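Engineer: Got a predicted structure plus its sequence, pasted below:
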Amino acid sequence: MVPIRTLLSGVLGAALLIPVHPSAAEDGRTVEYRGMRLTVPEEWRVVDLERNPGACLRLDLPTLYLGHAGTQAECSGRAVRRRADTLHLEPLDGAPARADIPTLRVAGSGGIPEAAGDSHEVRYALRGSGVMATLSYGEAPDAVRELLARARTEDGAAPGAQGAPAEPASAVVGPKAVTAQAPFTGAGFDACTAPTQRAMDGWRSASPFGAIGIYIGGRARACAQPQLTAGWVRKQAEAGWHLMPLWVGPQPWHSSGTGLSTDPSEANQEGIEAAEGATQAARALGLADGTVLYNDLENYTDRTTWDPPVVAYLTAWTVRLHELGYRAGAYVAASSGGKALSARHDQAPWAMPDVLWIASWNARASVSDADVGLPAGTHQWAGRRRAHQYRGDHDDTYDGVTINIDRSWIDIDPGVLSSPAQAKPLLLS
């Protein structure tokens, strides 16, 4: 059985906490940053990223992050059962032009505009204070948005009251589309957050890896992605990396914030919404039509409950991606999602994911039927349509850069995949 790859709650690790000023408010404490004063709940961590550039911008612990993100070398995990409210404040000058989540302008003194999305993250460029504010939330953005709206500058004004900044170029003119999935057979890895360019360049020359999984969004995504821009995607494609974009949507566990519905009809709709969110993120990142987008769906043990909604969700994901011009992949555990899809494959082969990425931590770098848990001699996902994650959650170091990764063996040729076409998903009662 492959363990669910979730972030571990608990200790703060090496995250450095900044001193804060006591607040007169009974329900929080006041923090000052670049001329802004805001009150955060007492239970929140306050992490100074300038003092600890390796700190991970975790999305499962209530936290105020201050400063530009660094290497995020302390990140691990991939999906979370519970998303928390977090706020990341950094200087507007030098803030990355992220494409995976929306960046909104704050106009005048009318407050912080509402925003929603399946990734549960949004950014606000606050010209008045020269700060970029990134919000992450669990089920609704109201609490953390209100926290930011109550912030004040030194003269008592709202932080964005001096006018709106120019909207990021990526929001006005879409990036030039890049093809980042040449046929590939060999070793790949995925990490909780997109590595720095220094890390990518070093690993490209010194490591055995030629492919990388990147987490482009979804409500259960575990780590923020400050490196993930259209420019980052373009540079990796130009360097020859085979990119495997992952969407971490609702999961087969009971959670009002990150859980998948147990009703196949509702799971079908969630699959459609996940495909639409992933497509929006992929286009903002410049990933060309026809790119295989992978849905990260973690392991489960109660197959009686979860097999029907999982199949409905992943086939709806596949069908909707095809309608939108992308190809579909599914990352699933061999012992659960892989068995569910295999058992129903021939009922609706047109609605099955184009590529199967199996998690089975058996230490064998192979995509054989046995190693990915498929029937011997099967036609299912045969012919360079498989990836196998064979080792999980460990540190590797190349060219002096250490990253917490999962390892995979990949054998994929997009040229053998049929063109995206419309079909109906498979609903099981």
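Structural biologist: Structure received.
Engineer: sec struct for T304, please.
Structural biologist: Using DSSP: H, G, I helix; E, B strand; the rest coil, the secondary structure recorded for T304 is helix.
Engineer: Give me the neighbour count for it.
Structural biologist: Applying other Cβ atoms under 10 Å, we find 6 residues neighbouring T304. Backbone N, C-alpha and C define where each C-beta goes, glycine included.
Engineer: The residue nearest to D369 when sequence neighbours are not counted and G392: what is the separation?
Structural biologist: Closest residue to D369 apart from its sequence neighbours, by Cβ to Cβ, 6 or more residues apart in numbering: A376 at 5.2 Å. To G392, A376 is 25 Å away according to Cβ to Cβ, to the nearest Å.
Engineer: Equivalent analysis for E42, please.
Structural biologist: Counting by Cβ to Cβ, the gap from E42 to G392 is 36 Å.
Engineer: who's more crowded, those two?
Structural biologist: G392 (18 against 11).
Engineer: Give me the three-state assignment for that one.
Structural biologist: G392 falls in the strand class when you classify it by three-state DSSP.
Engineer: so where's the stretch 151-300 of the chain shaky on pLDDT?
Structural biologist: In the prediction, the stretch 151-300 of the chain carries residues with pLDDT under 70 at positions 156, 158, 160-173.
Engineer: Kindly recompute the last result at 80.
Structural biologist: The stretch 151-300 of the chain contains residues with pLDDT under 80 at 153-174.
Engineer: now the helices for it?
Structural biologist: Along the stretch 151-300 of the chain, counting by DSSP state H, counting those that start in this stretch, helices occupy 169-172, 197-206, 230-238, 264-284.
Engineer: follow-up on the earlier one: for the residue nearest to D369, phi and psi?
Structural biologist: With angles defined as degrees, to the nearest 10, A376 sits at phi -60, psi 130.
Engineer: who touches S129 in this structure?
Structural biologist: R34, G35, M36, T153, P159, G160 (Cβ atoms under 8 Å, 6 or more residues apart in numbering).
Engineer: Break the chain down into its domains, please.
Structural biologist: The chain breaks down by automatic domain parsing into domains covering 29-170, 172-416.
Engineer: Enumerate every residue touching D406.
Structural biologist: Applying Cβ under 8 Å, 6+ apart, the residues near D406 are R5, R78, F189, D190, A191, G213, A359, Q389, R391, G392, D393, H394.
Engineer: could those residues be laid out in TSV, adding distance to N268?
Structural biologist: Output for the contacts of D406, formatted as TSV (distance: Cβ to Cβ, whole Å):
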residue	distance to N268
R5	25
R78	24
F189	32
D190	27
A191	31
G213	26
A359	24
Q389	26
R391	33
G392	29
D393	31
H394	36
